[in-house]
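> Let me see the structure of the following:
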Amino acid sequence: MKRSALLLFMTFALLLVIAFPVLAVDELSGYDVRVLLSSSSSSRSYTVRIEAGEYLVLDDRGKEVGYIDTMQDVTFSYEEDRYWVEWEDDVVESRHPLTLYPDDTESQISLNGKTYRGGFKLMMNGDYCYGINVVDIELYLYGVVGREMGYNYHTEATKAQAVASRSYALANCSSDNVYYDVTATTASQVYGGCSAETDAIIQAVDDTRGQVLF
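Residues are numbered from 1 along each chain as shown. Reported below is the predicted structural model:
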């Protein structure tokens, strides 16, 4: 984002915080955002690596159908009208998408050389295969705020960006979205995963936890 556009956005964000009520929404605790990380029309599989923590494999109803407790590769694929998740100890298949879901907030996965908090799922949309990061909205913001505004601004400006980014993400989360809520690019908000995090960004997100604009 160019500096002039960034300054304009920051001014707008600060004005929003002044002009509109900022409310804390307790229900946001544990609220997940589905972020489109990758899309392919030539491949029907993704392999992610568990970098930290423990993971559950959940079916489309949220029922546990698998458990992974060590660092290893997990392959998602779609073949013969079935979704497959395979790791070194087991394989699960289903007619509906399966989700690799974190068992704790410190769990991390990597895809294509980038590390992300939260979990992962594969979804098919016609000929397109989507790789989606399923992540708690607060942990998602850790990887967004710095990418959207930079890293050398006043603490209060960073907090304003956290509130604006949280509000944007929440506004785009809907049951009407079949595949994902936001992308990881400028088409939505730029999301860099763990590499975009700093202590200051994490603190700004934590200090405004659950706060959104109405």
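
> Only C-alpha atoms from now on, for both contacts and neighbour counts.
Noted.

> Which residue, neighbours along the chain excluded, lies closest to residue 46?
Nearest non-adjacent residue to residue 46, counting by CA to CA, 6 or more residues apart in numbering: residue 76, 5.2 Å away.

> Name the SS class of residue 168, please.
Under DSSP: H, G, I helix; E, B strand; the rest coil, residue 168 falls in the helix class.

> How about residue 161?
Counting by three-state DSSP, the backbone at residue 161 sits in helix.

> Around it, count how many other residues there are.
Neighbourhood size, residue 161 [other CA atoms under 10 Å]: 26.

> Show me what the helix or strand where residue 116 lies is in contact with.
Using DSSP states H and E, residue 116 falls within strand 114-117. Residues from elsewhere that reach strand 114-117 (CA atoms under 8 Å, 6 or more residues apart in numbering): 51, 105-110, 133, 135, 139-140, 193-195.

> ok now it, how far from the chain's centre?
9 Å (CA atoms, centre = their mean, to the nearest Å).

> Equivalent analysis for stretch 111-129, please.
Remark: stretch 111-129 is offset 10 Å from the chain centroid, using CA atoms, centre = their mean.

> what about this protein, any weak spots by pLDDT?
Under the criterion pLDDT under 70, the flagged ranges of the chain are 1-29.

> what about 90?
By pLDDT under 90, the weakly predicted segments of the chain are 1-30, 69-70, 89, 104-106, 174-176, 214.

> before we move on, back to that, which of the contacts of strand 114-117 are buried? Put it as a ChimeraX command.
Buried residues among these (16 or more other CA atoms under 10 Å), as a ChimeraX selection:
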select :51,107,108,109,110,133,135,139,140,193,194
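
> any idea which of the contacts of strand 114-117 is closest to residue 95?
residue 133 (20.1 Å; CA to CA).

> pretty sure the closest one is touching residue 32, no?
No. Counting by CA atoms under 8 Å, residue 133 does not reach residue 32; the two are 9.6 Å apart.

> Report how many residues lie close to the residue nearest to residue 46.
Residues lying near residue 76 (other CA under 10 Å) number 27.

> In contact with it, which residues are there?
By CA under 8 Å, 6+ apart, the contact list for residue 76 reads 45-47, 83-86, 121-122.

> May I ask which two of those residues are separated the most?
With CA to CA as the measure, no two of these lie farther apart than 47 and 83, at 13.5 Å.

> So if I had to pick from the two, which one is more boxed in?
Neighbour count, other CA under 10 Å: between residue 47 and residue 83, residue 83 has more, with 22 against 17.

> show me the contacts for the more buried one.
76-77, 93-98.

> Show me which of the residues you listed are buried.
Neighbour counting with 16+ other CA under 10 Å marks 76-77, 93, 96-98 as buried within these.
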